[in-house]
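In: here's my sequence, what's the structure:
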Amino acid sequence: MRKKVSIIGAGNVGASTAQLIAQAGFADIMLFDIAEGMPQGKALDIAEACPLWNSPSSVKGTNNYADTGASDIVLITAGFPRKPNMSRDDLLHANADVIRAASGAIAKTSPDAVIIVVTNPMDVMAQLVWKTTEFSCRRVMGMGGILDSSRLRTFLAWELNISPEDIEAIVLGGHGDQMVPLPRFTTAKGIPVTELLKRKTIEALIHRTRNGGAEIVSLLKSGSAYYAPSAAAFQMIKSILLDEKRMLPCAAYLNGEYGIKDIYLGVPVVLGKDGVEKIVEVKLTKDEKARLRESCKSVKKLIKKLSI
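Out: Numbers count the residues shown, from 1 in each chain. Sure, this is the predicted structure:
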């Protein structure tokens, strides 16, 4: 039986992720949105491209949660996008209402699904999905670290004038201004970037990474990033459905790992058919631990505002 991925929210991130899955052909897709006609129209457009991609994927759109039933993975992208001068945190209460509604419906229609949360503020929304669905924490996760590390890899590759394929990076912490990149674990073909670039240059690239989403929002004037976020979500979906056991930075539930409890935060994990199969702990310096705690505090502050 073919795998099924349902995408909640047929906006730019949702539709772009649907396209990537359809091109790869390893799952059927149900695109859900409350806007009548939009998910159906986008799904039809993608479906009509499948013969050109030699893809067997079925792609359909719906306004009814019942059609998303029995999904293997549910990707939640629904919510309000960022606007210029708006932080991810400004979206908190508006998107919390959207997430509660989606989580309740998913719990009823796809009780065995793995859920990936993209909606911002992502770490907090992942916590809200977990609490609302009452799923195992291993089956609920947030997409953030993959996107943050990809942005850092891009900027480092440009600075070093090498292929981004040869850059590996780890970013911990909350998805946003409080992210914690780890330069000593960031390498170019195995060589630490700290050996190749000056500290000031690395710090400048990290600063740009922290503001990567805001930079795109300010350039677009209307809307926010979607190509890179959808590529990050696709990588997670692929690793889970194909049981690839990829080690990727994601927002996962911590229960003592890194000395942190009862919170979703970005850490390296192994993603396989059961979702988050392992949380990978690395030894942090005193400074790195302090920055991770600060990041944790920022996320906890938002969780408190929602009384989760």
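
In: ok, which stretches of this structure are helices?
Out: Applying DSSP state H to the chain gives helices spanning 12-24, 38-47, 92-109, 122-133, 145-160, 199-210, 212-220, 227-241, 286-305.

In: what sits closest to Y65 if chain neighbours are left out?
Out: Nearest residue to Y65, sequence neighbours excluded (CB to CB, 6 or more residues apart in numbering): A105, at 4.0 Å. C-beta: built from backbone N, CA, C; applies to glycine.

In: report how many residues lie close to that neighbour.
Out: Using other CB atoms under 10 Å, A105 is surrounded by 19 other residues.

In: what's the pLDDT at it?
Out: Note on A105: pLDDT of 98.

In: start the count at 48 instead of 1 going forward.
Out: That works, and once the first residue is 48, the last one we named lands at A152.

In: from A117, how far off is it?
Out: Using CB to CB, to the nearest Å, we find A152 at a distance of 13 Å from A117.

In: for I93, same thing?
Out: Separation of I93 from A117 (CB to CB): 21 Å.

In: neighbour-wise, which of the two wins?
Out: I93 (25 against 13).

In: so where's the stretch 198-347 of the chain shaky on pLDDT?
Out: Counting by pLDDT under 70, the stretch 198-347 of the chain contains no low-confidence range.

In: the closest residue in space to L175 that isn't next to it in sequence and V164, how far apart?
Out: In this structure, L175 finds its nearest non-sequential neighbour in I146, 5.2 Å apart by CB to CB, 6+ apart. Plainly put, I146 is 8 Å away from V164 if you go by CB to CB.

In: who touches both of the two?
Out: I123, M172, V176 (CB atoms under 8 Å, 6 or more residues apart in numbering).

In: kindly reformat those residues as a markdown table containing distance to V317 and neighbour count.
Out: Output for those, formatted as a markdown table (distance: CB to CB, whole Å; neighbours: other CB atoms under 10 Å):
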| residue | distance to V317 | neighbour count |
| --- | --- | --- |
| I123 | 22 | 30 |
| M172 | 22 | 31 |
| V176 | 21 | 27 |
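
In: between these, which is closest to V227?
Out: Using CB to CB, M172 comes nearest to V227 of the shared contacts of I146 and V164, at 19.5 Å.

In: does the closest one touch A149 like I think?
Out: No. With contact defined as CB atoms under 8 Å, M172 does not reach A149; the gap is 9.8 Å.

In: could you list the buried residues of whichever strand in the chain runs longest?
Out: If you go by DSSP state E, the chain has its longest strand at strand 308-319. Across strand 308-319, burial judged by 16 or more other CB atoms under 10 Å covers I310, Y311, L312, G313, V314, P315, V316, V317, L318, G319.

In: now do stretch 72-90
Out: Within stretch 72-90, the residues that count as buried by 16+ other CB under 10 Å are 73-80, 85-87, 89-90.

In: cool, thanks, signing off.
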